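Visitor: A structural model of the following input is requested.
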Amino acid sequence: MAAAVQHEAVPFVSKSGRTVTLRPCTPDDAPFIAAMYQCLSRDTLYMRYCSCSPAITGESEAARLCSADPEHRAVVLALCGGEVVGIGELGRVEGETAEIALLVRDDCQGDGMGTALALHMIGVARVMGVARIQAYTLPDNHAVRRIASKLPYTVAYERSRGELLVTVDISRPVVMHS
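Guide: Residues are numbered from 1 along each chain as shown. Alright, predicted model coming up:
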């Protein structure tokens, strides 16, 4: 099933008061995605890709993201002031499992955009019939752990070959106790 819900633009206000819109990526967004990559530090790229490969360029990622097949992959952009400041990507792995990846521009990190993107992508995943999302990350990627800890779902962590596999069961929310 295609993720039809991804076609709705959703506004939110970040912690610092920025007005941000989450909306699906279109082929016309390629230059804006490439421009975002020019603003990313090596550390941010390393945390996102677990590598600093020179093959990862803004142009190559923009082409890949803008040509995603909506039956198997959803790409959502976070826009602020006409610029891409974040990207959420969801790709079906098998059955009811999809892999999620988030990327937030350095100057917007810590402002709630990663959490907003994660929650939005979970909504898209549920429409796609996904029951579990997974993220492969470096064990010292504390931002991913913080985002996962804020989700109202069961989260499991598993170390494997130098990476941390974070699995979130989105089939039903857990009851949060205060």
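
Visitor: For residue 103, the count of nearby residues, please.
Guide: Using other CB atoms under 10 Å, the number of residues around residue 103 comes to 26. All C-beta atoms are positioned from the backbone trio N, CA, C, and that covers glycine.

Visitor: Could you list the buried residues of stretch 24-35?
Guide: For stretch 24-35, a neighbour-count test (16 or more other CB atoms under 10 Å) marks 24-25, 29-30, 32-34 as buried.

Visitor: how about those residues, which pair is most distant?
Guide: Spatially, the most separated pair among the buried residues of stretch 24-35 is 24 and 34, at 17.7 Å (CB to CB).

Visitor: Who are the packing partners of the least confident helix or strand in the chain by mean pLDDT?
Guide: Least confident helix or strand, the chain: helix 42-49 with a mean of 91, by mean pLDDT, DSSP states H and E. In this structure, helix 42-49 makes packing contacts with strand 97-104, judged by 3 or more CB pairs under 8 Å, 6 or more residues apart in numbering; DSSP states H and E.

Visitor: strand partners of the strand it packs on, parallel vs antiparallel please.
Guide: strand 83-94 (antiparallel), strand 132-137 (parallel) (DSSP bridges).

Visitor: For the chain, give me the ranges with low pLDDT.
Guide: Within the chain, the segments meeting pLDDT under 70 span 1-7, 175-178.

Visitor: Extract the CA atoms of the longest helix along it and return them as CSV.
Guide: With secondary structure taken from DSSP state H, the chain has its longest helix at helix 113-127. Provided in CSV are the C-alpha atoms of helix 113-127 (Å, rounded to 0.1, in the frame of the first residue of the first chain):
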residue,chain,number,x,y,z
MET,A,113,12.8,18.4,14.6
GLY,A,114,14.2,14.8,14.8
THR,A,115,11.4,13.8,17.2
ALA,A,116,8.8,15.5,15.0
LEU,A,117,10.1,13.7,11.9
ALA,A,118,10.2,10.4,13.8
LEU,A,119,6.6,10.7,14.9
HIS,A,120,5.5,11.8,11.5
MET,A,121,7.3,8.9,9.8
ILE,A,122,5.6,6.5,12.3
GLY,A,123,2.3,7.7,11.1
VAL,A,124,3.3,7.1,7.5
ALA,A,125,4.7,3.7,8.4
ARG,A,126,1.4,2.7,10.0
VAL,A,127,-0.5,3.7,6.8
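
Visitor: before we move on, back to that, in strands only, show me the buried residues of stretch 24-35.
Guide: residue 24 (DSSP state E).

Visitor: Pipe the buried residues of stretch 24-35 into JSON lines and attach distance to residue 42 per row.
Guide: Shown next, in JSON lines, are these (distance: CB to CB, whole Å):
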{"residue": "24", "distance to residue 42": "29"}
{"residue": "25", "distance to residue 42": "24"}
{"residue": "29", "distance to residue 42": "24"}
{"residue": "30", "distance to residue 42": "23"}
{"residue": "32", "distance to residue 42": "21"}
{"residue": "33", "distance to residue 42": "18"}
{"residue": "34", "distance to residue 42": "17"}
